[in-house]
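Participant: Quick one, fold the following:
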Amino acid sequence: MTKNKTETKTTENLMDTLLKKYQPPTLKKGKEVEAVIVSLSKKGIIFDIGAKAYAQLGELEIKEVSTYLPYLKPGDKIQVKIISEESKNGYPIVSLRKFFEKGKWEILKEKKEKEEEIEVLCGEYGKGGVFVDFMGIRGVIPKIQLTEPFIHEPEKLMGQKIKVKILEVNKEKNRLVVSQKASALKISQKDLKKKFDSIKEGEVYKAKVLGASEFGVFCEVEGVEGLIHISEISWEKVSNAAAYVKVGETIDVYVVEKNEKDLKLNLSLKRLTPDPWEKIEEKYPKDKEVEGEVVRKEKYGYFVRLEPGVEGLIHISKLKGDEDIKIGQKIKAYVERISLKDRKMSLVLPQKEKPVFYR
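Facilitator: Down below sits the predicted model:
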């Protein structure tokens, strides 16, 4: 049975109308469009961008695809940029550069929220810790977040690929902080938060010494990281934190402050003992004769230790210039004045001979 002329003409008009309504998107170099991933592999990605042919990822970006394969799948919608309307093979070519830049931080953020591991490449060891690379983003593993034996020899990690967990990620500050320890020991941030919340400021706890640096002692209190700053080790001046503790030993510490943002503790050793300056004016009144040890020389005078945490200064202006004062020497002096606010004490040496005006 054949169609009559009227039916044929009606069908043709309908097809014309449909074709006019469907206009493939105009491909223009530099234009950004939404694409759907059709397939992906280490050899490249095929996209459906609604054109007459599927689009391909540019050759220069294919080498970056392997890093992202675990985070992409067919059916995902993603923004791409047209870099060629039609290649020699007849396919449009697109770029994922914008995703590569933005996607890295989104991946990191998602991984942190899910407490999942990422693999990083370790670089050199610096003052802040071991520097790492994740898809071109530079991060750091603080020394305290390393496992044995690397916490003692962090430089041995250079060039190694290791699993870590994310502690902090901030795109605006270009900041990435990760932990090898949290990954190796399967430490959950949620569990860590519970432990952190149970610790109270102003209380004394047992702490395990993990290490020491030029700015203090690293400890662990009930599974929570803490730092005894060098200024909180002793009431006396401390120049070497490691001289006061041994790695692995358990010590008593006082919790000065809790850092809610980083889930870390500020700890103190010196606050476990009385402040020697608390009643300093009663113990060392003006003109009192005292005896102490010369502990150091500065350009403005000599410091004399009277007791742990209490030092007095014999200012250079109080010296004649012919005194033979040596470090470690025990000497006698008189208290000239005390500033409790500044925690400073001025001393003067005894007069060896009577002044000319003396009668």
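Participant: With the flanking residues excluded, which residue is spatially nearest to Gly285?
Facilitator: I think there's a mix-up here, since residue 285 is Pro and not Gly. Leaving aside its sequence neighbours, Pro285 sits nearest to Val335 (CB to CB, 6 or more residues apart in numbering; 6.8 Å). The way it works is simple: take the backbone N, C-alpha and C, and place the C-beta from them, glycine included.
Participant: The one you found - that's part of a helix, no?
Facilitator: No: counting by DSSP: H, G, I helix; E, B strand; the rest coil, Val335 is not found in a helix; it is strand.
Participant: Surely it and Lys288 touch.
Facilitator: Yes: Val335 sits in contact with Lys288 when judged by CB atoms under 8 Å, with a separation of 4.8 Å.
Participant: Of those two, which one has the most company?
Facilitator: For Val335 versus Lys288, neighbours defined as other CB atoms under 10 Å are more numerous around Val335 (21 against 10).
Participant: per-residue pLDDT, the more buried one?
Facilitator: Looking at Val335, its pLDDT reads 95.
Participant: residue ranges with poor pLDDT in the chain?
Facilitator: 1-26, 67, 352-359 (pLDDT under 70).
Participant: ranges for the helices of it?
Facilitator: Taking DSSP state H, the helices of the chain run over residues 5-21, 59-68, 97-114, 180-184, 189-198, 280-283.
Participant: can you list the domain ranges for the chain.
Facilitator: 37-95, 104-184, 195-272, 280-348 (automatic domain parsing).
Participant: ok, Val290 - contacts?
Facilitator: By CB atoms under 8 Å, 6 or more residues apart in numbering, the contact set of Val290 is Tyr284, Leu306, Gly312, Lys332, Ala333, Tyr334, Val335, Leu347.
Participant: what residues are up against the residue nearest to Ile187 when sequence neighbours are not counted?
Facilitator: Excluding the flanking residues, the one nearest Ile187 by CB to CB, 6+ apart is Lys181, at 6.8 Å. Neighbouring residues of Lys181 by CB under 8 Å, 6+ apart: Ile144, Gln145, Leu146, Thr147, Ile187.
Participant: out of those, who's nearest Leu267?
Facilitator: Of all these, the one with the least separation from Leu267 (CB to CB) is Ile144, at 12.9 Å.
Participant: re the thing from before, and the helices of the chain, which is most packed in?
Facilitator: Of all the helices of the chain, helix 180-184 carries the top mean neighbour count, a mean of 21, counting by mean count of other CB atoms under 10 Å.
Participant: starting at the chain centroid, how far to that helix?
Facilitator: What separates the centre of helix 180-184 from the centre of its chain is 15 Å, taken as CA atoms, centre = their mean, to the nearest Å.
Participant: Next: stretch 153-160.
Facilitator: How far stretch 153-160 lies from its chain's middle: 18 Å, per CA atoms, centre = their mean.
Participant: try stretch 55-69
Facilitator: For stretch 55-69, the distance to the chain centre is 31 Å (CA atoms, centre = their mean).
Participant: just to revisit the earlier point, so for Asp262, which of the helices of the chain sits nearest?
Facilitator: Closest approach to Asp262 among those is made by helix 189-198 (9.7 Å; CB to CB).
Participant: just checking, what packs against that closest one?
Facilitator: Applying 3 or more CB pairs under 8 Å, 6 or more residues apart in numbering; DSSP states H and E, one finds that helix 189-198 contacts strand 224-229.
Participant: List the buried residues in the strand it packs on.
Facilitator: Val224, Glu225, Gly226, Leu227, Ile228 (16 or more other CB atoms under 10 Å).
Participant: what about the strands in the stretch 51-200 of the chain?
Facilitator: For the stretch 51-200 of the chain, the strands defined by DSSP state E, counting those that start in this stretch cover 55-57, 77-84, 93-95, 117-126, 129-134, 137-141, 161-170, 175-179.
Participant: hang on, the earlier thing: can you add distance to Lys31 and give the domains of the chain back as JSON lines?
Facilitator: As requested, the domains of the chain are exported to JSON lines (distance: least, CB to CB, whole Å):
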{"stretch": "domain 37-95", "distance to Lys31": "5"}
{"stretch": "domain 104-184", "distance to Lys31": "23"}
{"stretch": "domain 195-272", "distance to Lys31": "42"}
{"stretch": "domain 280-348", "distance to Lys31": "67"}
